[in-house]
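>>> predicted model follows, preceded by the sequence.
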Amino acid sequence: MSFIQPFLLAALPLISLPIIIHLINQRRYQTMRWGAMMFLLAANKMARGYARLRQWLILLFRSLVIAGLVLAVSRPLASGWLGLAAGGRADTTIILLDRSSSMQQQGNGGVTSKLDTGRHQLVQVLNTLGSSRWVLIESTTTLPYELESPDALLTMPSTEPTSASADLPAMLQAAHDYIDENQSGRTEIWICTDLRENDWNAESGRWQILRDSFLEFTQGVRFHLLAYPQKATGDVAVRVTDVKRQTSNDGAELLLSLVLTREGDVDNNLKVPIHFEIDGARSELEIEMAGPRFELKDYRIAVDDDRESGWGRISIPADENPANNDFYFTFDKQPARRTIVVADDPQAAGPLQLAASISPDQAFQCVAEVVPIEQLAAVEWEQISLLLWQSDLPRDDDARLVESYVQRGGQVIFFPPHAPNNAEFFGVSWDSWTNVREQITVESWRGDQDLLAHTLSGAPLPVGELKIRKYCQLSGDVTQLATLRGGDPLIARVTTDDGGVYFCTTTTISGDSSLATDGIVLYISMQRALAVGASVLGNTRQLVAGDPKRDVTSWVRLAGADESLSTEYGFHRGVYADKDRLLAVNRDAAEDQSGVLTDDRVAGLFNGLDFARVDDQAGNINSLIQEIWRLFLATMMIAMITEAVLCIPKLRRAEGAAA
């Protein structure tokens with residue numbers, strides 16, 4: 001049991017007052033032996049057992065009266081919530097609210113989402129517990145915002161659902177910074193989330209830094225996790241994987257590729273009608289899913305010959321999660337996919353140039369060129385889709401050129417030089433080379449997203465078949481996409497606002513690895529990076545929702561959710577016009593494929609911290625906690641009545657009554 005006012009429990013020793021008073025009263029009289037009285041006491045000896053029992057019962061119920069009063073004013077809670085209120089009223093309460101698209105999942109047969117349920121539960125709990133200050137940190141901007149009361153969670157536009165993923169480490173860092181800057185007293189941090197792996201990024205090194213930072217606070221910080229880990233069994237998500245416009249003898253047409261994914265163990269076949277909407281023209285195709293995944297490749301839809309660019313939408317019927325039932329896209333003329341290779345060693349440059357120059361589709365052209373570092377200033381960077389760099393990390397003017405290229409959405413993959421120096425790029429640098437006596441393999445890799453994701457058919461890339469004979473150590477904060485046996489990274493990505501920055505810790509030279517001889521992984525990775533880099537060329541863009549630094553002031557909504565604020569266009573799926581460009585914004589692919597963190601993994605992330613967790617379900621209307629002081633008041637009154645009954649003198653028979 002937990003209490004909102006636990007300090008009042010210090011009055012519980014008062015339950016001994018009736019006993020103390022009883023003992024004091026007994027000491028008020030001196031015992032004197034008197035023959036007649038001794039005779040009377042002996043006569044009542046048979047009734048003494050009952051009298052003594054009654055006296056002890058009276059003392060017991062008097063003590064219960066005091067205990068009931070003390071417990072009632074301490075405001076006990078019906079739900080244990082693992083001692084959530086222990087310590088009394090908080091000085092500051094910080095709410096971390098996950099607004100990602102997966103939080104729009106609804107309960108079985110209900111219309112209330114995880115996010116709506118979580119907001120209502122937080123309002124009830126926080127109003128019950130009270131606080132001197134409430135602060136909201138939501139998952140899009142991760143900026144602290146002070147609330148007048150918890151009720152604001154139900155009315156603020158910044159607590160409504162979005163299409164953007166959450167970043168729980170960044171939200172916790174924002175909470176830490178707020179506590180530090182405002183010198184907050186005792187603080188409660190409430191986290192409302194569905195525990196998706198992509199939102200928590202549990203493998204990031206930021207978690208250890210966060211734990212150590214929170215442990216340094218002396219005022220006390222408690223963490224409360226309100227979790228909605230249930231997955232939507234049978235929920236279907238649709239995603240466009242490729243859009244190409246091409247012309248033929250019959251006119252212009254779009255080649256659309258898409259994938260449908262279905263959660264849970266699926267045994268039955270499911271018919272799904274797919275609705276296509278392009279420039280106002282609508283069509284429908286019904287498919288049958290025989291398993292958890294269905295892929296539609298290069299579905300042809302005719303468009304006007306004079307329509308070189310435009311936008312469209314694909315949707316399926318609503319189910320448990322309406323946030324993944326549609327997908328927006330744009331189309332344009334296919335630009336050439338150009339790659340430049342900067343390499344110290346021609347043996348390393350050759351396989352890279354070859355992998356980047358072979359087009360996987362005749363609809364577009366792939367061009368790769370080896371460029372000396374001295375000629376970087378002459379490169380037409382606005383036409384480059386991919387940069388492959390096997391040399392010392394760029395410095396000075398070269399670094400500024402590459403940074404500008406990344407900031408406009410370009411992709412770059414770095415390979416280690418023969419003699420690493422102390423150069424640093426995006427906070428990452430090369431260390432020393434490691435030679436292994438026996439070739440090692442890749443122990444694990446991320447197959448759910450990014451360069452090493454499974455193919456559209458669901459088959460994994462043969463990353464585990466790569467043989468590594470020599471690799472270079474990395475320093476800096478990176479996200480590992482492929483990990484060697486022993487824990488060192490093979491392929492890693494740096495977190496950036498725009499573009500993609502990757503590091504591969506070995507080269508394509510045969511003495512270093514089998515990347516060139518087992519070329520499937522190398523080729524597919526290059527082509528995926530090329531496709532992403534090419535998507536930012538021309539007048540159309542495919543954007544992932546969620547960049548808080550994206551300037552949306554000039555955006556005009558053409559399609560999408562009408563309730564979204566203009567300042568939050570970058571977080572909501574839809575189609576937007578930005579001057580002469582068309583922008584399609586959609587959820588991250590990880591929102592469709594991410595798993596849920598295990599209980600042990602969650603507990604490990606908060607290891608050493610004051611942490612409590614409760615699991616809830618979407619649509620639950622029962623309050624998580626309830627005050628039960630009325631129960632203790634009722635107990636007190638019953639004890640008072642019982643004590644009064646026990647104190648009633650025993651009725652004596654009237655004289656002369658019949659025996």
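Structure's in. What do you need? Remember, it's a predicted structure, so these values are computed and weren't measured experimentally.
>>> nearest spatial neighbour of the residue nearest the centre of the chain, skipping sequence neighbours?
The centroid of the chain falls nearest to residue 199 when counting by C-alpha atoms, centre = their mean (2.9 Å). Spatially, and ignoring its direct neighbours in sequence, residue 199 is nearest to residue 166 (4.0 Å; C-beta to C-beta, 6 or more residues apart in numbering). (Each C-beta comes from the backbone N, C-alpha and C, glycine too.)
>>> isn't the one you found up against residue 115?
No. Using C-beta atoms under 8 Å, residue 166 is not in contact with residue 115, being 11.1 Å away.
>>> what's the strand or helix carrying the residue nearest to the centre of the chain packed up against?
Using DSSP states H and E, the element containing residue 199 is helix 197-200. With contacts taken as 3 or more C-beta pairs under 8 Å, 6 or more residues apart in numbering; DSSP states H and E, helix 197-200 sits against helix 168-182, helix 590-593.
>>> how about a cut-off of 6 Å?
Helices and strands touching helix 197-200, as assessed by 3 or more C-beta pairs under 6 Å, 6 or more residues apart in numbering; DSSP states H and E, are absent.
>>> distance between it and the chain's centre?
Centroid separation for helix 197-200 versus its chain: 4 Å, with C-alpha atoms, centre = their mean, to the nearest Å.
>>> could you pull out the strands in the stretch 351-500 of the chain for me?
Using DSSP state E, counting those that start in this stretch, the strands of the stretch 351-500 of the chain run over residues 366-370, 384-390, 411-415, 424-425, 428-440, 442-445, 468-475, 479-484, 489-494, 500-504.
>>> ok, the stretch 151-300 of the chain next?
187-193, 221-227, 236-248, 251-262, 270-278, 281-289, 293-302.
>>> which regions of the stretch 51-200 of the chain sit below the pLDDT cut-off?
In the predicted model of the stretch 51-200 of the chain, residues 51-52, 68, 71-88, 109 satisfy pLDDT under 70.
>>> give me the helices and strands touching whatever helix or strand residue 637 lives in, please.
Counting by DSSP H and E, the element that carries residue 637 is helix 629-647. Other helices and strands packing on helix 629-647, by 3+ C-beta pairs under 6 Å, 6+ apart, are helix 48-73.
>>> any idea how far the residue nearest to the centre of the chain lies from residue 299?
From residue 199 over to residue 299 the distance is 32 Å, taken as C-beta to C-beta, to the nearest Å.
>>> same check on residue 60?
Counting by C-beta to C-beta, the gap from residue 60 to residue 299 is 80 Å.
>>> would you mind putting the CA coordinates of the helix holding residue 199 into PDB?
In PDB, the C-alpha atoms belonging to helix 197-200 read as follows (Å, rounded to 0.1, in the frame of the first residue of the first chain):
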ATOM      1  CA  GLU A 197      12.500  -0.700 -30.000                       C
ATOM      2  CA  ASN A 198      13.100   2.000 -32.600                       C
ATOM      3  CA  ASP A 199      11.800   4.700 -30.200                       C
ATOM      4  CA  TRP A 200      14.000   3.600 -27.300                       C
END
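>>> hmm, who's touching it?
Applying C-beta atoms under 6 Å, 6 or more residues apart in numbering, the contact partners of helix 197-200 are 100, 165, 166, 168, 590, 594, 595, 597.
>>> who wins on neighbours among the residues you listed?
residue 100 (31 neighbours; other C-beta atoms under 10 Å).
>>> I'd assumed residue 167 was in contact with that residue.
No. Using C-beta atoms under 6 Å, residue 100 is not in contact with residue 167; the gap is 9.6 Å.
>>> check the offset of stretch 580-600 from the chain's centre.
Distance, centroid of stretch 580-600 to centroid of chain: 11 Å (C-alpha atoms, centre = their mean).
>>> gap between the two ends of that stretch?
With C-alpha to C-alpha, to the nearest Å applied, stretch 580-600 spans 50 Å between its terminal residues.
>>> tell me which element residue 551 is part of?
Here residue 551 is assigned to no helix or strand, by DSSP H and E.
>>> need the pLDDT of it.
Residue 551 carries a pLDDT value of 86.
>>> before we move on, back to that, for residue 556, find the nearest of the strands of the stretch 151-300 of the chain.
strand 270-278 (18.8 Å; C-beta to C-beta).
>>> contacts for the closest one?
With C-beta under 6 Å, 6+ apart as the criterion, strand 270-278 contacts 283, 284, 285, 286, 287, 288, 289, 312, 313, 314, 315, 316.
>>> how many other residues sit next to the nearest residue to residue 401 once chain neighbours are set aside?
Once flanking residues are discounted, residue 401 sits nearest to residue 376: 5.6 Å by C-beta to C-beta, 6+ apart. Here the count is done by other C-beta under 10 Å, and residue 376 has 18 residues near it.
>>> quick one: residue 376 from residue 486, how far?
36 Å.
>>> among the helices and strands of this structure, which has the poorest mean pLDDT?
Sorted by mean pLDDT, DSSP states H and E, the helices and strands of the chain end with strand 2-3, the least confident at a mean of 58.
>>> what mean pLDDT does stretch 301-316 get?
On average, stretch 301-316 scores 88.
>>> same check on stretch 579-588?
For stretch 579-588, the mean confidence score works out to 90.
>>> in that stretch, what counts as buried?
Going by neighbour count (16 or more other C-beta atoms under 10 Å), the buried part of stretch 579-588 is 581, 582, 583, 584, 585, 586, 587, 588.
>>> which helix or strand contains the second one?
Right, the one you point to is residue 582. strand 581-586.
>>> pull that strand out as CSV, backbone CA atoms only.
C-alpha atoms of strand 581-586 as CSV (Å, rounded to 0.1, in the frame of the first residue of the first chain):
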residue,chain,number,x,y,z
ARG,A,581,8.8,21.5,-54.8
LEU,A,582,6.4,18.7,-53.8
LEU,A,583,7.0,17.0,-50.5
ALA,A,584,5.5,13.7,-49.3
VAL,A,585,5.8,13.1,-45.5
ASN,A,586,5.3,9.7,-44.0
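>>> what packs against that strand?
Under the contact definition 3+ C-beta pairs under 6 Å, 6+ apart, strand 581-586 sits against strand 326-331, strand 540-544, strand 574-578.
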